[in-house]
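J.: got a predicted model here, sequence first, then my questions.
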Amino acid sequence: MKILVTGGTGYIGSHTVVELQNRGYDVIIVDDLSNSSIEVLDNIAKITGKKLLFEQFDLTDQDKTKGFFRKYNDIKGVIHFAAFKAVGESVNFPLKYYRNNLLSLINILQGMGDNAIPNIVFSSSCTVYGQPAVLPVREDAPVQKAWSPYGATKQISEDIINDTSRSAGIKGILLRYFNPIGAHESAIIGELPIGEPNCLMPYITQTAIGKRPFLRVWGNDYNTPDGTAIRDYLHVTDLAKAHVIAVERMLNETMKQNVEVFNLGTGNGFSVMQVIESFERSTGVKLNYQIMDRRPGDIEQVWADTAFANKELGWKTEKSLDEMTASAWKWEKELAKKRK
Ligand code: UD1
């Protein structure tokens, strides 16, 4: 059973490929390596001991994408990760984001329609909710006007899949991720930020290892118990497993609607200070940090209502925050060994 994973050498993609192979699926990765490394392929093989197919090209190239789907028309399902994801960059280069994130999806859906490949799992984000009025946030909460072009591409992509499902017989599962962190337990794959990280977890581990002088905590005057912003952090392996379940739901034809939406989080919110405390507790390493002003565009607090995903997918996260921060640290130390 062949599954296409776009962006399969990326952070969430690579962890999902491992889980797919562990469940016996044949995987074909398409990635242009614009934000990832070819070595990830060997690292995946080290973990699973299995072979996969790899094609390197840019999915915004219509002819290449067409040719690809013609060649591999035995694909049974697509998991589409390949996208740009830096919120701040998207504000400065909106067209880069709209072009990349939307054209690739359009080309993929066209290729799927032309070759009778009906199933797509799409990487969406809790960013579509903005600052929700009600917490925890449920899937039927209103989608709010996106603050960044990155967020807009996620919303528009969801609309494109909804519209296409009506006209082209495509089924979609839209997975709205909260904040994935951590790395594979083997510490052979993990997050590989290029340049200075934007996200909290890699910033913490890079500070602890000495690559950055201190973590900047963006604001401690939020209306939260300790004043720092709250997110729903989940382990990337738990997240990866949800993708396998979503694919199987499509293949087994147990979907209840042509397009389904699931929140993927733990259901628990943790503040930036709580993540720092967890890191220090789980690793025994003290972290340098300084409180700064709020980061523009950040929301105050969000965490998931996971009841629908728990019930319908039979999926629940397993890893605790301490396991997440410990695994991120193990990975950062592995990276440091490789640098030496
Ligand atoms: C953001 C996006 C999300 C996107 C993700 C991917 C929004 C609302 N969210 O998540 O959709 O998928 O990026 O890149 O657009 N923090 C610090 N210091 C740091 C870094 C972060 O204090 O150096 C804080 C932030 O202020 C925030 C929390 O840590 O409160 C998490 O930040 P981050 O990891 O960047 O994720 P989001 O902003 O939640």
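T.: Received it, and whenever you're ready, just let me know what you need. Everything numeric here is computed off the predicted structure, so don't read it as measured data. Numbers count the residues shown, from 1 in each chain.

J.: now Val78, what are its backbone angles?
T.: phi -120, psi 130 (degrees, to the nearest 10).

J.: nearest spatial neighbour of the closest residue to the ligand within the stretch 1-150 of the chain, chain-adjacent residues omitted?
T.: For the stretch 1-150 of the chain, the residue closest to the ligand is Thr127, as judged by C-beta to the nearest ligand atom, at 3.1 Å. Every C-beta, even on glycine, is put in place using the N, C-alpha and C of the backbone. Closest residue in space to Thr127, ignoring its immediate chain neighbours: Gly151 at 4.3 Å, by C-beta to C-beta, 6 or more residues apart in numbering.

J.: after the helix or strand containing that neighbour, which helix or strand is next?
T.: Using DSSP states H and E, Gly151 falls within helix 149-168. Using DSSP H and E, the helix or strand that directly follows helix 149-168 along the chain is strand 171-177.

J.: keeping just the C-alphas, turn that next one into CSV.
T.: The C-alpha trace of strand 171-177 is given here as CSV (Å, rounded to 0.1, in the frame of the first residue of the first chain):
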residue,chain,number,x,y,z
LYS,A,171,-11.8,12.9,0.6
GLY,A,172,-9.8,15.0,3.1
ILE,A,173,-8.8,14.9,6.7
LEU,A,174,-7.6,18.3,7.9
LEU,A,175,-5.4,18.0,11.0
ARG,A,176,-5.1,21.1,13.0
TYR,A,177,-1.9,20.8,14.9
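
J.: now the angle from it to helix 149-168?
T.: 160 degrees (axes from the mean of the first three to the mean of the last three C-alpha atoms, to 10 degrees).

J.: pull the distance from the helix or strand bottoming out on mean pLDDT in the chain to the chain's centre.
T.: Counting by mean pLDDT, DSSP states H and E, the chain has its least confident helix or strand at helix 87-92, which shows a mean of 93. With C-alpha atoms, centre = their mean, to the nearest Å as the basis, helix 87-92 stands 18 Å off its chain's centre.

J.: does any part of the next helix or strand after it sit near the ligand?
T.: Downstream of helix 87-92, the first helix or strand assigned by DSSP H and E is helix 94-114. No: counting by C-beta under 6 Å from any ligand atom, the ligand is not contacted by helix 94-114; separation bottoms out at 12.0 Å.

J.: strands of the stretch 151-300 of the chain, residue ranges please.
T.: For the stretch 151-300 of the chain, the strands defined by DSSP state E, counting those that start in this stretch cover 171-177, 179-181, 215-218, 230-231, 233-235, 259-264, 270-271, 289-292.

J.: so can I have a markdown table of these showing distance to Ala146, mean pLDDT and mean neighbour count?
T.: Output for the strands of the stretch 151-300 of the chain, formatted as a markdown table (distance: least, C-beta to C-beta, whole Å; pLDDT from 0 to 100; neighbours: other C-beta atoms under 10 Å):
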| stretch | distance to Ala146 | mean pLDDT | mean neighbour count |
| --- | --- | --- | --- |
| strand 171-177 | 13 | 98 | 23 |
| strand 179-181 | 17 | 98 | 23 |
| strand 215-218 | 20 | 98 | 18 |
| strand 230-231 | 18 | 98 | 23 |
| strand 233-235 | 22 | 99 | 26 |
| strand 259-264 | 16 | 98 | 22 |
| strand 270-271 | 24 | 98 | 20 |
| strand 289-292 | 25 | 98 | 13 |
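
J.: those: which one's closest to Asn101?
T.: In terms of C-beta to C-beta, the element of the strands of the stretch 151-300 of the chain nearest to Asn101 is strand 171-177, at 14.2 Å.

J.: around the ligand, pick out the residues from this structure.
T.: 85, 87, 125, 127, 148, 151, 179, 198-200, 203, 215-218, 229, 231, 272, 295, 298-299.

J.: just the buried ones from those, in PyMOL syntax?
T.: Only the buried entries of the residues of the chain next to the ligand go into this PyMOL selection, using 16 or more other C-beta atoms under 10 Å:
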select buried, resi 85+87+125+127+148+151+179+199+200+203+215+217+218+229+231+272+299
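
J.: before we move on, back to that, average pLDDT across the helix holding Gly151?
T.: Helix 149-168 carries an average pLDDT of 96.

J.: how distant is that helix from the center of its chain?
T.: 17 Å.

J.: which helices and strands sit right next to it?
T.: helix 87-92, helix 94-114, strand 119-125, strand 171-177, strand 259-264 (3 or more C-beta pairs under 8 Å, 6 or more residues apart in numbering; DSSP states H and E).

J.: helices and strands around the third one, which ones?
T.: Read it as strand 119-125. If contacts are counted by 3+ C-beta pairs under 8 Å, 6+ apart, strand 119-125 sits against strand 75-80, helix 94-114, helix 149-168, strand 171-177, helix 236-251.

J.: how is the protein carved up into domains?
T.: Using automatic domain parsing, the domain parsing of the chain gives 2-181+234-264, 200-231+267-303+319-339.
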